[in-house]
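**Q** Got a predicted structure here, sequence first:
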Amino acid sequence: MKIGIDFHGVLDKYPEKFSELGKMVVLAGGEAHLITGHPITPEFAEIVNKICPWQLFIFNKHVYSTTDGLEARKFPFTFDKRGGKMFDKDVWEKEKAVYCEANGIDLMFDDSPEYAQYFVGKTTFMLVK
């Protein structure tokens with residue numbers, strides 16, 4: 001079993017539940033992927049570590065940033081008021097589904113219902129409220 005867990009609105013909102021789920025999947029021989037729109041920086045790692053101290057151990061090989069992935073593939077972007085990168089809406093919303101399909105993720109837990117329409121392959125999109 002491979003699961004994907006969004007950070008903002010999922011892991012940061014329900015750290016105990018999703019940390020335990022990730023731990024159980026990994027201990028059973030599966031993979032838990034932390035999939036986020038946030039760029040992967042040392043500052044982001046500190047944020048995750050404060051919420052779930054052992055979380056980086058579980059996700060250390062499976063962390064994906066949609067921002068970093070789109071930028072690496074040379075998708076054009078602009079900057080928002082805070083200096084964050086903004087990509088085309090459809091490209092941005094589809095990216096988690098693209099990653100999940102490419103990496104064989106079975107279940108993706110996310111709090112953004114607009115992403116669900118792009119999960120048309122083998123990954124099941126699980127909306128977290």
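**A** Noted; the coordinates are in hand. Predicted model, so just to flag it, every value in this text is computed and none were measured.

**Q** which residues sit in contact with the residue nearest to E114 when sequence neighbours are not counted?
**A** The shortest distance from E114 to any non-neighbouring residue, by C-beta to C-beta, 6 or more residues apart in numbering, is to E93 (5.6 Å). The way it works is simple: take the backbone N, C-alpha and C, and place the C-beta from them, glycine included. Residues near E93 by C-beta atoms under 8 Å, 6 or more residues apart in numbering: 112, 114-115, 117-118.

**Q** Can you say which helix or strand has E93 in it?
**A** helix 89-102 (DSSP states H and E).

**Q** The residue nearest to Y118 when sequence neighbours are not counted: neighbouring residues, count only.
**A** Among residues not flanking Y118 along the chain, A97 sits closest, at 3.7 Å (C-beta to C-beta, 6+ apart). Using other C-beta atoms under 10 Å, A97 is surrounded by 22 other residues.

**Q** check contacts around A97.
**A** Per C-beta under 8 Å, 6+ apart, neighbours of A97: 108, 115, 118-121, 123, 125.

**Q** picking up where we left off before, next, work out how far apart the residue nearest to E114 and L34 are.
**A** 19 Å (C-beta to C-beta, to the nearest Å).

**Q** wait, doesn't L11 sit right on N49?
**A** No. Counting by C-beta atoms under 8 Å, N49 is not a contact partner of L11; they are 12.0 Å apart.

**Q** Neighbour count for the two, which is higher?
**A** More crowded of L11 and N49, by other C-beta under 10 Å: L11, with 25 against 13.
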